[in-house]
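Engineer: got a predicted structure plus its sequence, pasted below:
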Amino acid sequence: MDKPFDNRAWFFVLPVFVLVAISAIIPLMTVVNYSFQDTFGNNVFFWAGFEWYADVLASDRFRSALLRNLLFSAIILLIEIPLGIAIALCMPRKGVWVSVCLVLMALPLLIPWNVVGTIWQVFGRSDIGLLGRSLEFVGIDFNYGQSAIQSWIIVVMMDVWHWTSLVVLLCYSGLVAIPEAYYQAARIDGASRWKVFLHIQLPKMQRVLLIAVLLRFMDSFMIYTEPFVLTGGGPGTTTTFLSIDLVKMAIGQFDLGPAAAMSIIYFLIILLLSWVFYTVMTNFGVNAADRPEADR
Amino acid sequence: MSGEGARGGAGAIPPSTSAEEALERAEEAPAKESSPLAGLGGNSRLKALVPTLYIVFLMLPIYWLINMSFKHNNEIVSTFTLFPENPTLDNYRVIFGDPSWYGGYIDSLIYVVINTLVSLSVALPAAYAFSRYRFLGDKHMFFWLLTNRMAPPAVFALPFFQLYSAFGLIDTHVAVALAHCLFNVPLAVWILEGFMSGVPREIDETAFVDGYSFPRFFVKIFIPLIASGIGVAAFFCFMFSWVELLIARTLTVTDAKPISAVMTRTNSATGLDWGVLAAAGVLTIIPGALVIYFVRNYIAKGFALGRV
């Protein structure tokens, strides 16, 4: 697979480059600009160096939001990835039910994020919601607006409801791409169900799993709208994730300097962690692929 | 019906998700003895249970929203019924009778469609370049594109506002469509590149030998070959543009306000108008459901053909 070297290919990439450069580099430079400056108003700015960065990194507010967000992403990945794989393994491969399953499962993915928040808000409320009422009925005092743990449970539940389908769809497409011959070979070898999963299905799903993990990590780390609508970051600051805090700082309080510095740090953390996931998962695949024909 | 309600309430708390996994594991254990049908075997009835339970869990909140949208406010607040006692269309009438309500849907659809068209038309040639050629800085370019998918919208909200104010584009559909290109174009390039790499290069070469010009080859031969890839890419562009709120809300005031932002109006002076809120929510689900219905075959087959 040696592709020819041809710099004229740049002409094809140019429209994308221009478009993304306008909507990425210019705004990002604005952010960088603010992050190094301070102002007393009237659009007069002066150099502040790395002061804001030091401030943000030292502040409890940022650290606790970061910890909360890391914890949230970890919980989300630990629940959604295994659950998604399990559901994909159990899905039918042929027939009408495939379409039915896929359409119904994809539905939450295409609901606007604030509507997702709204749906769970009305679903979880103990006065008008099905979930809240049912829990009250069973005898559990459910009020996610008051209890920190309950607000976490409902936010995690909402995210599982919202995004597990993406993992399912990706895994499923990886699974149906496995040729029948692989299973026949496994049958002849007398491989157990678990061995088939470990040595055929998992390596074949590796690529889609990488995409699933990366997308789920990035999106759960950037989550804003759904918890904002559902809990408003509360009670207190228990569900105030990084984006919620950032918007509060930038647009609510208009603290441009710290907000900009926080934006840059935030972005760098996402890049770093995505890179770690990518490296770990691709290297893991190299070791796990004990079969030469295993797909990269 | 109340039985289903109770089951749904219990089935929705996270611990039960691990119960589903346990179920999966329990199902795998006996399969070890009866290994001959290792690949697709197993107890099919137990197997069907997992997706079924999951779909029930997915549908319950949506069912509740639809249920609420057909109720009057006092029924919502005062009683608890699994089906509306006096079904009413009043909530929907409010929405379809007020231009500021239904206008939101039109605005949303306009910028989503513009965004999908723009994203796909710039991503197609770029993805072709990435899949067929090596060129100076190709890997870096590709990686840089993907980093934009990792940029939190919250970081870009304020600078976008300033950028588009400078060009006088605030409150236009174009502004939102262009802003959403930030994360949709990289994704479209990524998906299309995967699909295009699955098409052997010999096809291009044969076409050129047969005397096809590049544009004619691209439109007549190549695009039909990767139609499912375009379908999947369009699906993702539509999806991420349709569901995004933060940037769309920041860049609009009245004229191009997306429906999801209009919905925040319901918690106004007189308290929350739950019925109308639910009806508006139900209506935002419909375009997505239609799109899924049209691409359902691509979802099943299309994903696997591409890079994934």
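Structural biologist: Alright, I've got the coordinates.

Engineer: burial count for A:L215?
Structural biologist: When counting by other C-beta atoms under 10 Å in any protein chain shown, one arrives at 18 neighbours for A:L215. C-beta: built from backbone N, CA, C; applies to glycine.

Engineer: err, A:W113, not the other one
Structural biologist: A:W113, neighbours per other C-beta under 10 Å, totals 21.

Engineer: residues near residue 245, how many?
Structural biologist: All of this is about chain A. Neighbours of A:D245 (other C-beta under 10 Å): 25.

Engineer: oops, chain B please
Structural biologist: Other residues within reach of B:L245, judged by other C-beta under 10 Å, total 24.

Engineer: and it, how far from A:E226?
Structural biologist: 10 Å (C-beta to C-beta, to the nearest Å).

Engineer: what residues do the two have in common as contacts?
Structural biologist: Common contacts of B:L245 and A:E226 (C-beta atoms under 8 Å, 6 or more residues apart in numbering or on different chains): A:113-114.

Engineer: please state the offset of stretch A:124-140 from the chain centre?
Structural biologist: 29 Å (C-alpha atoms, centre = their mean, to the nearest Å).

Engineer: buried set for it?
Structural biologist: A:124-126, A:128-136 (16 or more other C-beta atoms under 10 Å in any protein chain shown).

Engineer: ditto for stretch B:55-66
Structural biologist: Residues B:55-58, B:60-66 are the ones in stretch B:55-66 that count as buried (16+ other C-beta under 10 Å).

Engineer: now B:A126: closest residue in space, sequence neighbours ignored.
Structural biologist: Spatial nearest neighbour of B:A126, excluding adjacent residues (C-beta to C-beta, 6 or more residues apart in numbering or on different chains): A:V16 at 4.1 Å.

Engineer: the one you found contacts B:V189, doesn't it?
Structural biologist: Yes. Between A:V16 and B:V189 there is a contact under C-beta atoms under 8 Å: 6.3 Å.

Engineer: what about the two, which has more around it?
Structural biologist: Set A:V16 next to B:V189 and count neighbours by other C-beta under 10 Å: B:V189 wins out with 30 against 25.

Engineer: quick one: the more buried one from chain A, how far?
Structural biologist: Taking C-beta to the nearest C-beta, to the nearest Å as the measure, B:V189 falls 6 Å from chain A.

Engineer: tell me which element that residue is part of?
Structural biologist: Secondary structure from DSSP states H and E places B:V189 in helix B:173-197.

Engineer: name the residues of whatever helix or strand comes next after that helix that are buried.
Structural biologist: Sequence order places helix B:201-209 as the next helix or strand after helix B:173-197, per DSSP H and E. By 16+ other C-beta under 10 Å, the buried positions in helix B:201-209 come out as B:204, B:207.

Engineer: go on, stretch A:256-268?
Structural biologist: A:256-267.

Engineer: of these, list those near chain B.
Structural biologist: Restricting the buried residues of stretch A:256-268 to those touching chain B (C-beta under 8 Å from any C-beta of the partner chain) yields A:256, A:259, A:263, A:266-267.

Engineer: let's have the residues you listed in JSON lines, adding pLDDT.
Structural biologist: Listed next are those as JSON lines, based on pLDDT from 0 to 100:
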{"residue": "A:L256", "pLDDT": "78"}
{"residue": "A:A259", "pLDDT": "85"}
{"residue": "A:S263", "pLDDT": "88"}
{"residue": "A:Y266", "pLDDT": "89"}
{"residue": "A:F267", "pLDDT": "88"}
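
Engineer: what number of residues lie near the nearest residue to A:T237 once chain neighbours are set aside?
Structural biologist: Residue nearest to A:T237 in three dimensions, not counting chain neighbours: A:S64, with 7.2 Å by C-beta to C-beta, 6+ apart. Neighbourhood size, A:S64 [other C-beta under 10 Å]: 14.

Engineer: look up how far A:T239 lies from A:S64.
Structural biologist: According to C-beta to C-beta, A:S64 stands 12 Å off from A:T239.

Engineer: same check on A:I22?
Structural biologist: When distance is defined by C-beta to C-beta, A:I22 is 34 Å away from A:T239.

Engineer: one more: A:D219?
Structural biologist: From A:D219 across to A:T239, the span is 16 Å (C-beta to C-beta).

Engineer: ok, those two, which is more surrounded?
Structural biologist: A side-by-side neighbour count of A:D219 and A:T239, using other C-beta under 10 Å, places A:T239 first with 24 against 19.

Engineer: identify the residues contacting the more buried one.
Structural biologist: So A:T239 contacts A:68, A:151-152, A:155, A:227, A:231, A:233 (C-beta under 8 Å, 6+ apart).

Engineer: repeat that for 7 Å
Structural biologist: By C-beta atoms under 7 Å, 6 or more residues apart in numbering or on different chains, the contact set of A:T239 is A:151-152, A:155, A:227, A:231, A:233.

Engineer: in helices only, show me those residues.
Structural biologist: In helices, defined here by DSSP state H, the members of the contacts of A:T239 are A:151-152, A:155, A:227.
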